[in-house]
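*Asks:* what follows is a predicted protein model with its sequence.
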Amino acid sequence: MRWALVKVALAVTVMVVVAFAVPLGLVVAEMARDRAFSNAERKAAGLAPVLAITTDRAELEKAVATTEDGTAGRLAVHVPGAGPGGRALEIGTRRAGAADLAATRALGRASITEVPGGFALLQPTAVGSGQVAVVELFVPEDEVSNGVATAWLVLAGVGAALVVGSVAVADRLGVRMVRPAQRLAGAAHDLGEGKLGARVPEEGPPELKSAAVAFNAMADQVVQLLANERELAADLSHRLRTPLTVLRLNAASLGSGPAADQTRAAVEQLEREVDTIIRTAREAKPQTQATGAGAGCDAAEVVRERMGFWSALAEDEGRRVRVAGVDRPVRIPVARPELAAALDALLGNVFRHTPEGTAFSVDVHNGEDAVIVLVSDAGPGIADPAAALARGNSGERAGSTGLGLDIVRRMAESTGGDVRIGHSVLGGTEVRIWIGLGTRRAGASGGRRGHRPRRRGRRLPAGTPGA
């Protein structure tokens, strides 16, 4: 597209330059010719008073010699003879033919004839004898074309400047149009490869800007659909775990025997299948973090939304829930689906690895260079936090998909932050998610870990089990 615009601009500019420069050059040449012959007529007319008074050779030679053209040998006077036997008088060098002189006398007006080296202006003038004399003035070729070459050079320079300028402008316009199109094509390619975080800046010409807006809206819709599916999978998993727990307890009370063992084995297999479904769905989850302009979300809003989801299950199990720091917007450079998935992973761990009735809380702290999300519980805690943070370690535990803390870690590390596990004031586990706001380089994280950002609202402990 860029080179097509350049070619079109080049062709149009060349046609415009040719259409205007060539006629203008011809007009300049015609004006130079008219100027040269007008000057020649004026000079030739200067001898008319002398010819009207006398036709004496000596007087005419003297008059011719006093002129600049006469001295240069470019002025001649042709006087016809008086009467049938009169002798014609010629002064100066004649260049025009006799036929041209006769035609000028017959016409009675000035004429121009081409001669070697230039042109001859023939100016008829009446003399005292009633005859018509002809004043011949030689006009060299260089006087006729004086300034024409310079004019053509100027026109050529202006034309070249116009062509270069139009090509440069067309190239810049082409770049302005092509770059958004290339970004849109690249984002579409990334989206086709499963990188759902691909976004394009909504800039450029109106048409491409509209296309970018539509593309970003489409990508956001795809991300939202995947997030909805993940929520549905999480909801279904918890719906299944409740009857599975009942089945496991009932199977445990069956005692011994082939039927009881068979029932317990079936329940265990069903639990493994549910874990496999959850693990497969989360492992297949594509990258959905938005990388374009405007990426990020309101952490307070996401926390309120997810706590609204989990509060229903907490109420069923008799768990006390507390939330703090979500009364004001807290912007973070993390896509909404990523933060929601991380919260779901941590809150899901609370429900899976703590007894029913165990209290938990979520606290959001907003600092100048980072946002901290604390998820804490009053459960039995984690004996080895470092081992729980090891990638995939939780998968060794029964009933665990092994992806909970991996999801959280990837989300935090994408902002230059980290994840830590400790003991909460509730007596159980506290998981701290440090989300960098981009005001410091990720490499400087070592110097910020001891800093506790300013928190909003009343201090409430927060944490979750890490599995």
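*Replies:* That came through fine.

*Asks:* only C-alpha atoms for contact and neighbour calcs from this point on.
*Replies:* Fine.

*Asks:* ok so residue 213 is a helix residue?
*Replies:* Yes. Counting by DSSP: H, G, I helix; E, B strand; the rest coil, residue 213 is found in a helix.

*Asks:* what is the burial count for it?
*Replies:* Neighbourhood size, residue 213 [other Cα atoms under 10 Å]: 17.

*Asks:* tell me the spacing between it and residue 43.
*Replies:* With distances taken as Cα to Cα, to the nearest Å, residue 213 is found 77 Å from residue 43.

*Asks:* now do residue 9
*Replies:* Relative to residue 43, and taking Cα to Cα, residue 9 is found at 50 Å.

*Asks:* when the two are compared, which one has more neighbours?
*Replies:* Remark: of residue 9 and residue 43, residue 9 carries more neighbours, 21 against 18, as counted by other Cα under 10 Å.

*Asks:* that one against residue 166, yeah?
*Replies:* Yes. Here residue 9 reaches residue 166: they are 6.2 Å apart, a contact under Cα atoms under 8 Å.

*Asks:* which phi and psi does residue 120 have?
*Replies:* Here is the backbone geometry of residue 120 (degrees, to the nearest 10): phi -120, psi 120.

*Asks:* nearest residue to it in space, please, no chain neighbours.
*Replies:* Using Cα to Cα, 6 or more residues apart in numbering and skipping residues adjacent in sequence, the residue nearest residue 120 is residue 138, 4.5 Å away.

*Asks:* just the helices in this protein please.
*Replies:* For the chain, applying DSSP state H gives helices covering 2-45, 48-53, 57-65, 68-71, 98-107, 141-144, 148-192, 206-252, 258-283, 299-316, 336-353, 385-389, 404-413.

*Asks:* mean pLDDT and distance to residue 327 added to those, as TSV?
*Replies:* Formatted as TSV, the helices of the chain follow (pLDDT from 0 to 100; distance: least, Cα to Cα, whole Å):
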stretch	mean pLDDT	distance to residue 327
helix 2-45	84	51
helix 48-53	82	108
helix 57-65	84	110
helix 68-71	84	103
helix 98-107	86	107
helix 141-144	85	91
helix 148-192	84	35
helix 206-252	75	24
helix 258-283	73	31
helix 299-316	88	7
helix 336-353	85	18
helix 385-389	74	31
helix 404-413	80	22
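
*Asks:* could the ones you listed go into a markdown table alongside distance to residue 132?
*Replies:* Formatted as a markdown table, those follow (distance: least, Cα to Cα, whole Å):
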| stretch | distance to residue 132 |
| --- | --- |
| helix 2-45 | 14 |
| helix 48-53 | 10 |
| helix 57-65 | 15 |
| helix 68-71 | 20 |
| helix 98-107 | 6 |
| helix 141-144 | 27 |
| helix 148-192 | 36 |
| helix 206-252 | 79 |
| helix 258-283 | 114 |
| helix 299-316 | 109 |
| helix 336-353 | 106 |
| helix 385-389 | 122 |
| helix 404-413 | 109 |
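
*Asks:* wait, which of those is closest to residue 127?
*Replies:* Nearest to residue 127, of all these, is helix 48-53, at 4.7 Å by Cα to Cα.

*Asks:* how far off centre is that closest one?
*Replies:* In this view, helix 48-53 has its centroid 81 Å away from the chain centroid, taken as Cα atoms, centre = their mean, to the nearest Å.

*Asks:* can you list the residues that contact it?
*Replies:* Contacts to helix 48-53, defined as Cα atoms under 8 Å, 6 or more residues apart in numbering, come from residues 60, 63, 125-128, 133.

*Asks:* which of the residues you listed has the weakest pLDDT?
*Replies:* Across the contacts of helix 48-53, the bottom pLDDT score, 69, is held by residue 128.

*Asks:* what's the neighbour count on residue 351?
*Replies:* With other Cα under 10 Å as criterion, residue 351 counts 23.

*Asks:* quick one, what contacts it?
*Replies:* By Cα under 8 Å, 6+ apart, residue 351 lies in contact with nothing.

*Asks:* going forward, begin numbering at 473 instead of 1
*Replies:* Got it, the first residue is 473 from now on, which makes the last one we talked about residue 823.

*Asks:* in this structure residue 699 contacts residue 811, no?
*Replies:* No. Counting by Cα under 8 Å, residue 811 is not a contact partner of residue 699; they are 10.7 Å apart.

*Asks:* between those two, which one's more packed in?
*Replies:* More neighbours surround residue 811 than the other of residue 699 and residue 811, with 25 against 19 (other Cα under 10 Å).
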